[in-house]
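J.: Just the structure for this:
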Amino acid sequence: MKKLNVILVYNKEEDKILMCKRAKEPYKGKFNLVGGHVEQNEDELCAAYRELQEETGITNNDIKLTNIMNFQYKVSDMELEVYAGRLNKDVNLVKEVNELYWLDRKENFFDMNKFAGEGNIGHMVKQAEICGIVNNIE
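T.: The predicted structure follows:
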């Protein structure tokens, strides 16, 4: 089974979420969470930290990640692991391929014209709040 991960990164103040703008298909030009492939025999959490560092420069010293959910796509023989965490300090982002942006946490992440994933990003953001990864901010 092919494994991928996405990482929901909140800034230190918990009012912004880190997104990338996809440079290629699928969802070219839309905002997405950072993440990537889990290598064969690689520990899933280690893969999430590796992808986060490769794509943004954020390390395990900057954030504690928690696996909040997984999506299993049976027909595609694929699993998507979702991690979330809050930065413990300000960081300088380093892009790998996709441009990086801090978006306001109050965005409508269900907007499929703006965001990749057919509404899944909105679901992930809500679950991070429900799980207590971040504080509920009104």
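J.: Tell me which residues touch the nearest residue to residue 99 once chain neighbours are set aside, please.
T.: Nearest residue to residue 99 in three dimensions, chain neighbours excluded: residue 21, at 4.8 Å (C-beta to C-beta, 6 or more residues apart in numbering). The C-beta positions use only the backbone N, C-alpha and C, and glycine is treated the same way. Going by C-beta atoms under 8 Å, 6 or more residues apart in numbering, residue 21 touches 29-32, 98-99, 101.
J.: Filter these down to the buried ones.
T.: The neighbour-count criterion (16 or more other C-beta atoms under 10 Å) marks 30-32, 98 among those as buried.
J.: which helix in the protein runs the most residues?
T.: helix 44-56 (DSSP state H).
J.: Now it: buried residues?
T.: Buried, per 16+ other C-beta under 10 Å, within helix 44-56: 45, 47-52, 55-56.
J.: can I get the residues you listed in a markdown table with distance to residue 109 and pLDDT?
T.: Listed next are those as a markdown table, based on distance: C-beta to C-beta, whole Å; pLDDT from 0 to 100:
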| residue | distance to residue 109 | pLDDT |
| --- | --- | --- |
| 45 | 24 | 98 |
| 47 | 24 | 98 |
| 48 | 20 | 98 |
| 49 | 23 | 98 |
| 50 | 25 | 98 |
| 51 | 20 | 97 |
| 52 | 19 | 98 |
| 55 | 19 | 96 |
| 56 | 19 | 97 |
